[in-house]
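> quick one, what's the 3D model for this:
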Amino acid sequence: MQSSGAVPVPQAVPIPEAVQQRYVADGLWDDVALRDGIEAWAARTPDRVALVDNAGTCGYAELAARVAGAVGGLRDRGIGPGKAALVLAPLDMPSVVAYAATVRTGATAVMLDRRVGRADVEHALTLGVQLVVAPQALVEQFGLAAISVPLATPIELADGRVDRDWTEPDPRATAAVVFTSGTTSRPKGVLHSLNTLRSGARSMADAFDLTADDNAFLSTPLASITGLLQTHLMLDRGAGLILEDRFDPASSLERLRRHGATVIGGAPIIVEQLFRRADAEGLTSLPLRAMALGGTMIPRAVLEIAVERYGILPVRMYGASEIPSATGTLPTDQGIARISDDGAPARGVEVRVDDNGPGELLVRGPMRFLGYLDDDDNRSAFVAGGWFRTGDLGQVENGRLTVTGRLKDVVARKGMKISLAEIDEAVNALPGIEEATAYGRPDEETGERLVLAVRVRDPGSVAFGDIIGQLRTRGLATWKLPEQIVIWDDPLPRTESGKIQRQAVADDVRPRRTLYADRLQ
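A predicted model of the protein is given here:
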């Protein structure tokens, strides 16, 4: 797969040229321009609400003007093809404008969520970033003033100059970098082009049967693959996007209703909490018509409330940062068929099981990412023919996918994946820690919570705040911090080769001193 851009071109196993040409012939690649999105809809439906955040609303004409202003501001600062801009993004209008403007300059948007730690920012800055676009508070927090522009009202970025005459970027070039946690001890940089992002958004649109009349409720970070996909999903099609940066079941449900959200996706725990709140308030109707389910299944009792009380259509999807929206429910599916498996492959997508291993799912398709930033990650991520090794177990029968498990060591907290290897490495480097390992536990509020098992030199002196404080000092993001610490007096179980047996630690039920975050006490 060819790519160019500000960040190094990964040495990933390419999808065969004949398959790429099939994507083009089938209208899955190189078929639309960026101007066919926000700019075209600004001309057709200028007053249609495009974005909603906690600060207000923005119609398509205003959004197009803000994006054009931000393009001018970025280009004045040297951002264009062959360059990269780091966007430290809250889930709000200015961040969406900054992303949309960056890709329109032909540069690469390196995306990080506002809740990142110092270590995440320092890693992103090694990618040759020329400019940081961030809220002033984060500029100050991370000492980025020398290379940053504040993410205030987007039009200010232009210093008065509006640029509507930008050249359409190469849709196969590296357009965005998102970071995902997997089996490695540091987040992986995942490279996507406009082609791959829009292909993932297209398959989601097909599953939702989306129209320009829809409004999506988004509470997943813009800097995640789900956030970027839903941005393209809605704004490329003239629909509306409701941004919820700080989720709260009561206030978020009120905003969802007030702004007429018709579709919702993202972390299952968010959807679950919204429906529980609606049930507690005794609501008999919601504007939602469809909801996407992925990863952890919503409990059946909550699903029944959604379907039977509110008539919301469930849409099951499977994907990852590397292969977003690879499979999904078909619009023709009825009844239990909509949630009994992970759907059928999207247009152009192929799924098979690796017969040479434990049944790992292999996927390739028009939304397959370009590769990882670190070529060490690429070496084990692909097999011949451009197939991506998902790290998930599953089976394909009668053209339908069923995911049965996962090989990767991650915890999904409110849909945000935390690498257990990353946590292990950070904790084992702390003074006084003899050995440690992290694992997940079910949690009604977050879906999963991160638990840390530690053996220390002086068990009686261990305090929750001390360990958390040291992890913060090392630059670990707040959302990656453990919320439960279990103190072991005896050695953690290990294999014959000396590797800690994470599952054996998690399965241990003997009474042990346990420390909790405030919300769990």
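> show me what Gly371 bridges to in the sheet.
The partner list for Gly371 in beta bridges (DSSP bridges) reads Leu191.
> need the contact list for it.
When contacts are counted by C-beta atoms under 8 Å, 6 or more residues apart in numbering, Gly371 touches Met1, Val9, Pro10, Gln11, Ala12, Leu191, Asn378, Ala381. (Each C-beta comes from the backbone N, C-alpha and C, glycine too.)
> looking at those, which are in strands?
Leu191 (DSSP state E).
> and the buried ones among the contacts of Gly371, selectable in ChimeraX?
In ChimeraX syntax, the buried subset of those is picked out as below (16 or more other C-beta atoms under 10 Å):
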select :1,9,10,12,191,378,381
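> where is pLDDT lowest across the contacts of Gly371?
Least confident of the contacts of Gly371 in the model: Met1, at 44.
> follow-up on the earlier one: among the contacts of Gly371, which pair sits farthest apart?
Maximum pairwise distance among the contacts of Gly371 (C-beta to C-beta): 15.3 Å, between Val9 and Ala381.
> show me what the helix or strand hosting Ala43 is packed up against.
Per DSSP states H and E, Ala43 falls inside helix 38-44. Here helix 38-44 touches helix 60-76, going by 3 or more C-beta pairs under 8 Å, 6 or more residues apart in numbering; DSSP states H and E.
> tell me the buried residues in the helix it packs on?
For helix 60-76, burial by neighbour count (16+ other C-beta under 10 Å) applies to 60-75.
> now do the strand or helix carrying Arg255: which elements does it pack against?
Assigned by DSSP H and E, Arg255 falls within helix 249-258. Applying 3+ C-beta pairs under 8 Å, 6+ apart, one finds that helix 249-258 contacts helix 268-280.
> now tell me what touches the helix it packs on from outside.
219-220, 247, 249-250, 252-253, 256, 264, 286, 291, 293-299, 302, 305-306, 309-310, 414-415, 445-447.
> could you do stretch 36-51 as well?
57-65, 67, 93, 96, 100, 164, 212, 215, 232, 234-238, 240-241, 243, 259.
> and it, how far apart are its ends?
17 Å (C-alpha to C-alpha, to the nearest Å).
> may I see the buried residues of that stretch?
Gly37, Ile38, Glu39, Ala40, Trp41, Ala42, Arg48, Val49, Ala50, Leu51.
> adding distance to Ala207, write those residues out as CSV.
CSV is the format used below for the buried residues of stretch 36-51 (distance: C-beta to C-beta, whole Å):
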residue, distance to Ala207
Gly37, 20
Ile38, 23
Glu39, 26
Ala40, 23
Trp41, 22
Ala42, 27
Arg48, 23
Val49, 24
Ala50, 22
Leu51, 23
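> Thr327 and Leu303, how far apart?
19 Å (C-beta to C-beta, to the nearest Å).
> which one of those two has more residues nearby?
Taking neighbours as other C-beta atoms under 10 Å, Thr327 and Leu303 compare with Thr327 leading, 31 against 20.
> possible to save the contacts of Gly371 as JSON lines with distance to Gly475?
What follows is the contacts of Gly371, written out as JSON lines (distance: C-beta to C-beta, whole Å):
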{"residue": "Met1", "distance to Gly475": "33"}
{"residue": "Val9", "distance to Gly475": "28"}
{"residue": "Pro10", "distance to Gly475": "25"}
{"residue": "Gln11", "distance to Gly475": "28"}
{"residue": "Ala12", "distance to Gly475": "28"}
{"residue": "Leu191", "distance to Gly475": "23"}
{"residue": "Asn378", "distance to Gly475": "25"}
{"residue": "Ala381", "distance to Gly475": "26"}
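> the contacts of Gly371 in helices, which ones?
Mapping these onto helices (DSSP state H) picks out Asn378.
> quick check, pLDDT for Ile418.
87.
> for the residue positioned nearest the centre of the chain, which non-adjacent residue is spatially closest?
For the chain, the residue sitting closest to the mean C-alpha position, by C-alpha atoms, centre = their mean, is Ser224 at 2.6 Å. Spatial nearest neighbour of Ser224, chain neighbours left out: Val178 (6.2 Å); criterion: C-beta to C-beta, 6 or more residues apart in numbering.
> and that neighbour, what element?
Using DSSP H and E, the element containing Val178 is strand 174-180.
> buried ones only from the contacts of helix 268-280, please, as a PyMOL command.
Burial among the contacts of helix 268-280 is assessed by 16+ other C-beta under 10 Å; the matching PyMOL selection reads:
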select buried, resi 219+220+247+249+252+253+256+264+286+291+293+294+295+298+302+305+306+310+414+415+446+447
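> sitting in strands, which of the contacts of helix 268-280 do you find?
Reading strands off the contacts of helix 268-280 with DSSP E, I get Ile264, Met291, Leu293, Gly447.
> closest one of those to Arg114?
Using C-beta to C-beta, those come closest to Arg114 at Gly447, 20.5 Å.
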